[in-house]
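J.: When you get a sec, could you give me coordinates for this:
(one chain, ligands or ions: 1)
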Amino acid sequence: MTPPPNPVLAAVLSRRSAARLAEPAPGRDDLERLVQAAATAPDHGRLRPWRLVPVSGDERVRLGDALGEAASSPEQARRATAKPLRAPLLLSIVHCPVPGHPKVPGWEQLAATTGMVTTLSLLLHGHGWGSIWRTGAAVQAPQVRKYLGLADGEQLLGWLYIGTRSTFGAAAERLPLDTTTKITWLDGAHG
Ligand SMILES: Cc1cc2nc3c(=O)[nH]c(=O)nc-3n(C[C@H](O)[C@H](O)[C@H](O)COP(=O)(O)O)c2cc1C
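T.: As a prediction, the model looks like this:
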């Protein structure tokens with residue numbers, strides 16, 4: 001008998017990052033609800049070592065100015081300035097590790113933050129929104145850190161660009177990946 005369709009599996013398999021995102025983006029209430037849900041991602045010590053800084057509307061122009069100031073050539077500056085305009089909402093992902101935690105080392109805290117972001121992108125997809133996680137050298141630029149108000153010890157992990165999928169520019173087919181080669185069964189059996 002064919003098992004009933006599983007909505008979680010369907011969401012995982014159908015999610016694709018979207019390079020082009022148009023208006024609208026989720027509103028404040030929608031976003032806060034989805035972040036609340038994403039915050040249930042596995043997190044050793046429930047530290048929630050992250051915070052988010054949404055950038056939308058004209059704020060994107062100011063973020064673009066900071067990215068432009070951080071660029072290393074006029075041509076790069078021109079391109080960097082326009083980057084935030086690729087989506088109506090950019091969620092800046094700020095990792096805020098607890099230093100010297102007695103039980104939860106830094107790498108586990110980073111894993112918790114990235115797990116939350118992945119969960120959020122799936123939830124966004126499940127609610128009909130498109131997104132793509134983008135980074136780049138600018139995450140370390142003092143101009144960008146200053147604009148976003150990052151404190152010492154906080155790490156910018158890039159932005160989740162969020163909006164509505166454009167009808168053009170569909171994602172390429174996923175290449176098949178043989179994940180059996182990624183699993184090492186200790187009883188020596190294969191497949
Ligand atoms: C931490 C992180 C940073 C990323 N940074 C970029 C980036 O700067 N530019 C980019 O095009 N894709 C970036 N990606 C990859 C995309 O988010 C996306 O996963 C990739 O294009 C594959 O598409 P898919 O999610 O549909 O499989 C990043 C992914 C991760 C997890």
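J.: Now do Ala189, the pLDDT please.
T.: On pLDDT, Ala189 comes in at 65.
J.: Same question for Phe168.
T.: On the pLDDT scale, Phe168 gets 67.
J.: Please apply the same query to the one 5 residues further on.
T.: At Glu173, the pLDDT value in this model is 86.
J.: contacting residues for it?
T.: Contacts for Glu173 (C-beta atoms under 8 Å, 6 or more residues apart in numbering) come out as none. The way it works is simple: take the backbone N, C-alpha and C, and place the C-beta from them, glycine included.
J.: Now do the lowest-mean-pLDDT helix or strand in the chain: which elements does it pack against?
T.: Across the helices and strands of the chain, mean confidence by mean pLDDT, DSSP states H and E is lowest for helix 7-14: a mean of 94. Helix 7-14 sits against helix 106-126, with contacts defined as 3 or more C-beta pairs under 8 Å, 6 or more residues apart in numbering; DSSP states H and E.
J.: Now do the buried residues in the helix it packs on.
T.: 108-114, 116-117, 119-126 (16 or more other C-beta atoms under 10 Å).
J.: any idea of the angle that helix forms with helix 7-14?
T.: Here the directions of helix 106-126 and helix 7-14 differ by 90 degrees (axes from the mean of the first three to the mean of the last three C-alpha atoms, to 10 degrees).
J.: For helix 106-126, give me every contacting residue.
T.: 7, 11-12, 14-15, 17, 26, 34-35, 37-44, 47-50, 91, 93, 95, 97-98, 101, 130-131, 133, 157, 160, 162.
J.: What of stretch 2-14?
T.: Residues contacting stretch 2-14 (C-beta under 8 Å, 6+ apart): Leu122, His125, Gly126.
J.: re earlier: now, the contacts of helix 106-126 that are in strands?
T.: Among these, the members found in strands (DSSP state E) are Trp50, Leu91, Ile93, His95, Gly130, Ser131, Trp133, Leu157, Leu160, Ile162.
J.: Would you mind checking the contacts of helix 106-126 for buried ones?
T.: 15, 26, 34-35, 38, 41, 43, 47, 49-50, 91, 93, 95, 97, 130-131, 133, 157, 160, 162.
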